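# coords please:
(chains A and B)
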Amino acid sequence: MSETERTNREESKRLPTGAASVIAALENAGVEAAFGVQGGAIMPVYDALYASDIHHVTMAHEQGAAHAADAYGAVTGDPGVCLATSGPGATNLVTGIADADMDSEPLLALTGQVATDMVGNDAFQEADTTGITRPVTKASYFASDPDTVGDTVGEAFELARQGRQGPTLVDLPKDVSNAEDVAEPGPATGPETQVVPDEADPEAVSEAAHALANAEKPVILAGGGVIKGEATAELRRFAIEHEIPVVTTMPGVGAFDETHDLAMEMAGMHGTGYANMAITHCDVMLAVGTRFDDRLTGGVDTFAPEAEIIHVDIDPSEISKNIHADYPLVGDASRVLRQLEDAVPRTPDADGWRDQCLHWKEEYPMDYDAPEDEPLKPQFVVEAFDEATPEDTIVTTGVGQHQMWAVQYWTFTQPRTWISSHGLGTMGYGLPAAIGAKVAAPDQEVVCFDGDGSFLMTMQGLAVAVRENLDITVCVLNNEAVGMVRQWQDAFFEGRRMASEYPWAPDFATLAEAFGAQGLTLSEYDDVADTVAAARDYDGPSVIDCQIDPREDVYPMVASGGANGLFALQEDHL
Amino acid sequence: MTGELPGPAPEERPHPTARRNEQGIRIDPDAASELETRREVISALVDHEPGVLAEVSGLFARRQFNIESLTVGPTATGGLARMTIVVEETDPGVEQVKRQLRKLVPVHAVRELTAATERELALIKVDDDDPAGVAAVAEMYGGEAVEAGAEVVTVELTGTESEIDAAIDAFERFGVREIARTGTAALAGGTDFTAAESTTTDD
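Prediction:
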């Protein structure tokens, strides 16, 4: 901003403190809710929040604040806001910020900092927050000027929302927040150095469209960018119009309606057999908004080895990062899909391929045995919840076997209903994410499938859910183990179950009651429907301690770095 | 453990024979394919402010980019600095370097410099047992003695990286005690504007 602009603004309107400017910037951005924990250096900001209409959800731990804000962003599409104090408050946020970075979730973190003249002195609760968070954010700002602190917050919010979304952070030294008589923030804009792609190069689009029209075995791979780019409608229309089977990544779950014939569902390590067959044998892949993560590709050498890749992404650095793009299309997913729709000369002649894909769906069904005389199968519980709840129910999870059963056996039909920790794989994500999702969408049901190991990591959030009277259900698929680790130990470490069995975990139903939530226990098939109903009927948070068959493993499974087409259907295939 | 699913076992399924290389490029599986690395000079125009060097060097470290040298200094435009980074990467690696750099908020423009003017400064401290010999070699490489002490002489040299390498080799016979090199600074050739944004090869 020029000197004149600054002078004009200073004359136009003043705010009492730097902290008031921070809150004004949030209000200008339309922020309605924020998640955080109080503490010394952030107190001035909280004091300014006192007079604001922003709904502040006091969390029990900063990690939960970051996950709740992340899920709020995933559900609404706008940055979720979290606050923490300096030092340990900020470092506790880091896991949640890194999680948002890996999953491109819009998030704005505001952290307190010691006063600027103390920075570098190892002052009480000082940590190099911008230094620590720079590798896991789109940008990490140190706000040193009270007259521009609100502008910096506005810029960070816009940056989190624009282009490829992601987390940003503004570190707020106490003297900057406390400074009196400061300029009010101007209209928020993203950083001037950032270019946000919109349309892809028309010539490149035309070449890609012709490659697709000439395909004999086309597949669409829908990534999380389809959902974040609000391109779900365009993608569905394109796939159905041209009868192209659709595979999704894990963050892409919900981009396509899993009840549709063309839905091959999730591919990758624990994807369906038919999705992995489809990506292994396709000859042209239209990949939209995906970064070709290793859990999707398996070994790069055997990933879609016969396919020409059309890669649509808003972030040019994802082009040919992991998988070479034969047809790179840099742009906004919904715009580029509309461009492709206009440019594609005809529907590919691929009837035989479609029949083959449908045949694979029959050949590799997601079936499981559920004998009445054996312990409860987790897949059955997931399906029972799915059947009992409305279409727009939001599912959150922790990380591990329960997460895979949830994504495999819940039938997702709508975007922004599958909220999970995909890239970072953060155990403990589920409950705080359920809190964030419920605050974002109070009219939608929210179910958190958790594992006993994951739930133990962030269960203090129950206190928050009870205080806020959030009507959520946590279904702990309890196998008395960190089950995915146990599964790998059985498969790859000759069954040496080092530190993976959790028979010492507490009684989760009693624990829930202690927090003031409803606690339920489930272990019999005959009780599943009633227990699901009891959890849904209860006005407030419920926890179901669901005692499942501890022997159950997750299949299909592609060994780490292996070929997707070699997915194992049982342990001796590995 | 339980959880098995129905369907043909892995060996009963059809499998494509095609393959990709480490860069995810489809290759002829019978032909060996190793992508060669190349030396590339990358110029970035950045905000001249605290933390930018840490941000750039952190990016290079965490993404395992091979960096040979990095220099930074002010430009003719106030508030902006130029970073000249020499990398040793494959073609896709060079593209990644440029694209990842461009995403950083303090980075205004990034480009590869081909046909650039490149120079590096070196200070070489050698034993002064043969002053005439040292002076002759210094002259041959366009350098000059900038400090002569009791036992040592320090020679200043400017040139391309390979010229400096050659000069250091030549000084070895006098006994090199210490060397300080700045790394490469570079400007685009002719009227070509160094700060202009480069287009990448495949977008």
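
# so for chain B, which residue is the most central one in space?
B:Val86 (1.5 Å; Cα atoms, centre = their mean).

# need the pLDDT of that residue.
At B:Val86, the model reports a pLDDT of 95.

# quick one, phi psi at A:Thr58?
Main-chain torsions, A:Thr58, degrees, to the nearest 10: phi -70, psi 120.

# can you tell me the SS state at the residue nearest to the centre of chain B?
Secondary structure, DSSP: H, G, I helix; E, B strand; the rest coil: B:Val86 is strand.

# that one is in contact with B:Arg39, isn't it?
Yes: between B:Val86 and B:Arg39 a contact is recorded at 6.4 Å, counting by Cβ atoms under 8 Å. Quick note: C-beta positions are derived from backbone N, CA and C, even for glycine.

# what do the two both touch?
B:Glu68 (Cβ atoms under 8 Å, 6 or more residues apart in numbering or on different chains).

# picking that back up, pull the contacting residues for the residue nearest to the centre of chain B.
B:39-42, B:67-70, B:161, B:183-184.

# out of the residues you listed, which are buried?
Judged by neighbour count, with 16 or more other Cβ atoms under 10 Å in any protein chain shown as the criterion, the buried members of the contacts of B:Val86 are B:40-42, B:67, B:69-70, B:161, B:183-184.

# okay, now the closest residue to A:Arg416 other than its chain neighbours: neighbour count?
Of all residues not flanking A:Arg416 in the chain, A:Val75 sits nearest, at 5.5 Å (Cβ to Cβ, 6 or more residues apart in numbering or on different chains). The local packing of A:Val75 (other Cβ atoms under 10 Å in any protein chain shown) involves 23 other residues.

# then the helix or strand harbouring A:Val75 to PDB, C-alphas only?
Element membership for A:Val75, per DSSP states H and E: helix A:62-76. Only the C-alpha atoms of helix A:62-76 are listed here, as PDB (Å, rounded to 0.1, in the frame of the first residue of the first chain):
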ATOM      1  CA  GLU A  62      -5.200 -27.100  20.700                       C
ATOM      2  CA  GLN A  63      -4.800 -30.100  18.400                       C
ATOM      3  CA  GLY A  64      -8.500 -30.600  18.600                       C
ATOM      4  CA  ALA A  65      -9.000 -26.900  17.700                       C
ATOM      5  CA  ALA A  66      -7.000 -27.300  14.500                       C
ATOM      6  CA  HIS A  67      -8.800 -30.500  13.500                       C
ATOM      7  CA  ALA A  68     -12.200 -28.900  14.300                       C
ATOM      8  CA  ALA A  69     -11.300 -25.900  12.200                       C
ATOM      9  CA  ASP A  70     -10.000 -28.200   9.400                       C
ATOM     10  CA  ALA A  71     -13.300 -30.200   9.400                       C
ATOM     11  CA  TYR A  72     -15.300 -26.900   9.500                       C
ATOM     12  CA  GLY A  73     -13.400 -25.900   6.400                       C
ATOM     13  CA  ALA A  74     -13.900 -29.200   4.700                       C
ATOM     14  CA  VAL A  75     -17.700 -29.100   5.300                       C
ATOM     15  CA  THR A  76     -18.200 -25.400   4.300                       C
END
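
# and the next element down the chain from that helix?
Next helix or strand after helix A:62-76 toward the C-terminus (DSSP H and E): strand A:80-84.

# buried set for that following strand?
A:80-84.

# which is the next helix or strand following that strand?
helix A:88-102.
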